[in-house]
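Asker: structure for the following, please:
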Amino acid sequence: MSSWYENYLKSDHWKQLRKSKYNKSKFKNCHVCGDNKKLNLHHLVYKKNIKDTKVVELMILCERCHYLVHKLKDENKLGNCTNPLKIYRRIANILPDAIKEDKYKEELDQEFNNMFTSI
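Answerer: Modelled structure (predicted):
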C-alpha cells in the first residue's frame, strides 16, 4: 500500500466516509459471506481525486473477502466496469464461488501469517 493511501486512511475525510457507510448500511456485516468480524471497506471505484468517493462506491467486506476481491481483480476476473452497482453485483456473484473452492486459502493463510509475524 502506498504511503499517500495509508495517510488518506488516517484522514478525517476517510473516517467520516467510513462512519457514513456503516451508518447508512442496512447490514453491518460482510456483504458477501455475512461475517461480522474484521470488516473493511472496499472501493468499488477509485477516483482521480480520492476525496470525491461517494458512500455508494464502497462495499463492506470482511478481511478475507476483501483480500479475495483484490486477487480476482488482479486476475482480471471482475472486468473493467466503472459502474459501482455492476461491480458490486459481479463481486457478489463471483466471490462466493472462490470462497467455496477455497482456491486462495493457502495463499491467504500465508499472507496473514506474514502480516502478523512482521508486527
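Asker: make it CA atoms for all contacts and neighbour counts henceforth
Answerer: OK.
Asker: now do the helices in this structure.
Answerer: 3-9, 12-24, 63-74, 84-101, 105-117 (DSSP state H).
Asker: just name the most buried of those helices.
Answerer: Stretch with highest mean neighbour count among the helices of the chain: helix 63-74 (a mean of 18; mean count of other C-alpha atoms under 10 Å).
Asker: against residue 54, how distant is the residue nearest the centre of the chain?
Answerer: With distances taken as C-alpha atoms, centre = their mean, the residue of the chain nearest its centroid is residue 42 (2.8 Å). Distance of residue 42 to residue 54, computed by C-alpha to C-alpha, to the nearest Å: 12 Å.
Asker: now do residue 97
Answerer: Remark: distance between residue 97 and residue 54 (C-alpha to C-alpha) = 28 Å.
Asker: over to residue 92?
Answerer: Taking C-alpha to C-alpha, one finds residue 92 at 20 Å from residue 54.
Asker: for residue 79, same thing?
Answerer: Remark: distance between residue 79 and residue 54 (C-alpha to C-alpha) = 21 Å.
Asker: which one of those two has more residues nearby?
Answerer: When residue 79 and residue 54 are compared for neighbours, residue 54 comes out ahead with 14 against 11, by other C-alpha atoms under 10 Å.
Asker: ok, for the more buried one, nearest residue in space, not its chain neighbours?
Answerer: residue 17 (7.8 Å; C-alpha to C-alpha, 6 or more residues apart in numbering).
Asker: any idea how far residue 71 is from that neighbour?
Answerer: Taken as C-alpha to C-alpha, the span from residue 17 to residue 71 is 25 Å.
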